[in-house]
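*Asks:* Have a look at this fold, sequence not included:
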């Protein structure tokens with residue numbers, strides 16, 4: 001029988017090559033082809049091919065398929081989606097039962113999910129660990145009450161957060177898979193990060209701080225996420241340990257974008273070549289110039305220009321980035337006072353000091369000093385954005401393009417996928433059943449949340465390579481063979 005992936009590729013290209021008939025001795029029973037795992041990632045699609053000379057079917061290496069050959073029928077992302085859909089329909093449960101499934105995110109309702117645990121609670125919402133019914137798929141679900149959003153004048157904020165999460169697709173930013181309204185609530189269906197809050201991880205460290213090498217690693221990942229946000233035209237404005245999640249792999253994810261700001265246009269990245277540099281490479285300018293005057297942020301992280309009300313741009317994120325680095329190193333923020341007014345006074349007037357009991361390198365101190373400059377026009381990052389910071393000697397040795405493949409300094413201890421030990425135990429008092437929103441109500445022009453529904457079909461393939469590596473290791477140890485073929489379509 002022809003491989004279902006070969007069938008899929010041939011169907012898409014309109015090409016049906018003749019199938020060679022294997023020669024089998026009369027006294028030999030034909031061997032059954034070994035099922036393989038098809039790996040689909042954000043950037044490419046690969047299928048392991050068989051090295052077995054007696055395999056009765058041929059598999060196709062999808063990396064050899066040029067998507068331009070599909071005569072405009074679909075782009076690469078759509079092709080990936082098609083592959084997964086065909087795998088689901090063909091019954092290839094070995095490929096999908098433990099990880100990404102072909103889930104239709106377009107018409108989800110609260111009744112489609114089973115609440116397993118309350119993970120967190122804020123002033124206007126809750127976050128649950130949920131399981132999509134009839135699957136083993138886990139998500140983090142953020143739930144907000146419409147009435148609270150309207151009464152507290154936060155409709156624009158929640159729509160901005162939904163816009164940012166729906167637009168972004170980055171390994172260090174939490175993925176949004178779907179958002180939908182019900183009669184009384186708003187739901188975000190997001191990537192579940194089993195490592196919990198980065199803040200809690202810091203709290204468990206000696207002195208609530210990290211070694212400089214670990215700070216460099218986490219700062220590099222945060223920097224890449226901020227660079228991406230600025231390039232997409234977003235200013236984060238609320239960077240702090242509580243808004244960073246830890247993935248089960250140990251890498252970080254930025255979350256909570258309700259205080260973020262969307263600029264009128266995306267940044268226009270420019271390649272900058274230094275006249276005085278002997279290096280062949282230049283840097284990419286991703287700064288956002290648009291100014292805002294709103295007073296937002298977390299008390300100890302607020303930048304001076306936000307307090308004074310003179311207007312702030314994307315440079316505000318470089319101030320908070322410096323505060324985050326300081327807290328990771330020393331277990332406290334540099335300008336904390338006994339009251340809010342005292343904290344603001346320290347931010348505006350106090351000289352930056354470093355504790356003497358924790359040794360820190362000169363490049364590290366120099367970077368923090370240049371980030372925590374009160375004048376945003378003189379702050380590191382104001383000229384060319386993240387490119388200026390990435391060039392600082394503190395980050396020497398960081399391979400930016402490969403950092404996602406490096407092992408993080410701390411990998412969370414997780415027994416199984418239902419282990420929530422990295423989260424606080426919170427009692428949930430809300431047992432109220434929620435009803436679906438009617439189609440008429442959802443599309444009404446008077447509904448402030450009429451555009452809230454979103455389905456991120458392009459994101460449901462994200463992050464498969466981690467599990468694929470685990471499966472590959474397990475397969476090689478159990479079967480003792482590197483050869484495999486793709487399961488045939490039934």
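*Replies:* Structure received. Just so it is clear, the model here is predicted, and its values are computed rather than measured.
*Asks:* what's around residue 256, how many residues?
*Replies:* Using other CB atoms under 10 Å, residue 256 is surrounded by 20 other residues. Where you see a C-beta, it was placed from the backbone N, CA and C, and this is true even at glycine.
*Asks:* Report the secondary structure state of residue 370.
*Replies:* In three-state terms, and counting by DSSP: H, G, I helix; E, B strand; the rest coil, residue 370 is helix.
*Asks:* Spit out the contact partners of it.
*Replies:* Applying CB atoms under 8 Å, 6 or more residues apart in numbering, we find residue 370 in contact with 379, 380, 392.
*Asks:* Let's see that with 10 Å instead.
*Replies:* Contacts were defined as CB atoms under 10 Å, 6 or more residues apart in numbering; by that measure residue 370 touches 318, 322, 378, 379, 380, 381, 388, 389, 392, 394.
*Asks:* where do the strands sit along the stretch 51-200 of the chain?
*Replies:* In the stretch 51-200 of the chain, strands defined by DSSP state E, counting those that start in this stretch lie at 113-121, 125-132, 138-145, 176-181, 185-190, listed in chain order.
*Asks:* Now tabulate those in TSV and tack on distance to residue 369.
*Replies:* Supplementary listing: these in TSV, determined by distance: least, CB to CB, whole Å:
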stretch	distance to residue 369
strand 113-121	34
strand 125-132	36
strand 138-145	37
strand 176-181	36
strand 185-190	36
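*Asks:* Point out the one among those that comes closest to residue 313.
*Replies:* Residue 313 lies closest to strand 176-181 among those, at 25.7 Å (CB to CB).
*Asks:* how far off strand 125-132 does that closest one point, in degrees?
*Replies:* With axes from the mean of the first three to the mean of the last three CA atoms, to 10 degrees defining the directions, strand 176-181 sits at 110 degrees from strand 125-132.
*Asks:* Does anything pack onto strand 176-181? Which helices or strands?
*Replies:* The elements that strand 176-181 packs onto, with contact taken as 3 or more CB pairs under 10 Å, 6 or more residues apart in numbering; DSSP states H and E, are strand 138-145, helix 155-167, strand 185-190, helix 439-443, strand 454-455.
*Asks:* Buried members of the contacts of residue 370 into ChimeraX, please.
*Replies:* A single ChimeraX command selects the buried members of the contacts of residue 370 (16 or more other CB atoms under 10 Å):
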select :318,322,379,380,381,388,389,392,394
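*Asks:* what residue ranges in this structure are flagged as low confidence?
*Replies:* Within the chain, the segments meeting pLDDT under 70 span 1-102, 264-297, 312, 430-432, 457-490.
*Asks:* Could you find the closest non-adjacent residue to residue 448?
*Replies:* residue 155 (4.9 Å; CB to CB, 6 or more residues apart in numbering).
*Asks:* For the one you found, give me its contacts.
*Replies:* Residues 146, 149, 186, 448, 449, 452 are the ones in contact with residue 155 under the rule CB under 10 Å, 6+ apart.
*Asks:* ok, the fourth one touching residue 158?
*Replies:* Yes: using CB atoms under 10 Å, residue 448 makes contact with residue 158 at a distance of 9.4 Å.
*Asks:* any shared contact partners between those two?
*Replies:* 146, 149.
*Asks:* Which one's more surrounded, these two?
*Replies:* Each of residue 448 and residue 158 had its neighbours counted (other CB under 10 Å), and the higher figure belongs to residue 158 (24 against 14).
*Asks:* picking that back up, please narrow the contacts of residue 370 to those residing in helices.
*Replies:* 318, 322, 388, 389 (DSSP state H).
*Asks:* which residues of the stretch 251-400 of the chain fall in helices?
*Replies:* Per DSSP state H, counting those that start in this stretch, the stretch 251-400 of the chain has helices spanning 304-308, 315-330, 340-349, 362-371, 386-390. These are given in chain order.
*Asks:* right, and the ones you listed - which one's nearest residue 167?
*Replies:* Closest approach to residue 167 among the helices of the stretch 251-400 of the chain is made by helix 315-330 (17.2 Å; CB to CB).
*Asks:* quick one, the closest one and helix 362-371 angle?
*Replies:* On the basis of the same axes, to 10 degrees, helix 315-330 is oriented at 140 degrees to helix 362-371.
*Asks:* Quick check: which helices or strands does helix 315-330 pack against?
*Replies:* Where contact means 3+ CB pairs under 10 Å, 6+ apart, helix 315-330 is packed against helix 198-203, helix 212-231, strand 234-235, helix 304-308, helix 362-371, helix 386-390.
*Asks:* Distance to residue 245 for those - can I get that in CSV?
*Replies:* Rendered in CSV, the data for the helices and strands packed on helix 315-330 read as follows (distance: least, CB to CB, whole Å):
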stretch, distance to residue 245
helix 198-203, 7
helix 212-231, 11
strand 234-235, 18
helix 304-308, 24
helix 362-371, 23
helix 386-390, 21
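*Asks:* So which of those is the most surrounded?
*Replies:* Among the helices and strands packed on helix 315-330, the stretch with the highest mean neighbour count (mean count of other CB atoms under 10 Å) is strand 234-235, at a mean of 24.
*Asks:* Give me the sheet partners of that one and which way each runs.
*Replies:* Pairing partners of strand 234-235, with direction, according to DSSP bridges: strand 261-262 (antiparallel).
*Asks:* Look up how far residue 305 lies from the residue lying closest to residue 302 once chain neighbours are set aside.
*Replies:* Sequence neighbours aside, residue 347 is the residue nearest to residue 302 in space, at 6.6 Å (criterion: CB to CB, 6+ apart). Here the criterion is CB to CB, to the nearest Å. By it, residue 347 lies 10 Å from residue 305.
*Asks:* Overlap in contacts, the two.
*Replies:* 319, 374.
*Asks:* correct me, but residue 410 touches residue 247?
*Replies:* No: using CB under 10 Å, residue 410 is not in contact with residue 247; the gap is 11.5 Å.
*Asks:* Give me the neighbour count for residue 393.
*Replies:* Residue 393 has 12 neighbours, counted by other CB under 10 Å.
*Asks:* Can you tell me the closest non-neighbouring residue to it?
*Replies:* Counting by CB to CB, 6+ apart, the nearest residue to residue 393 once its immediate chain neighbours are dropped is residue 363, at 4.3 Å.
*Asks:* Could you list which residues are in contact with the one you found?
*Replies:* Applying CB under 10 Å, 6+ apart, one finds that residue 363 lies in contact with 212, 216, 392, 393, 394, 395, 396.
*Asks:* Return the closest of those with respect to residue 355.
*Replies:* The shortest separation between residue 355 and any of the contacts of residue 363 is 13.4 Å, and it belongs to residue 212 (by CB to CB).
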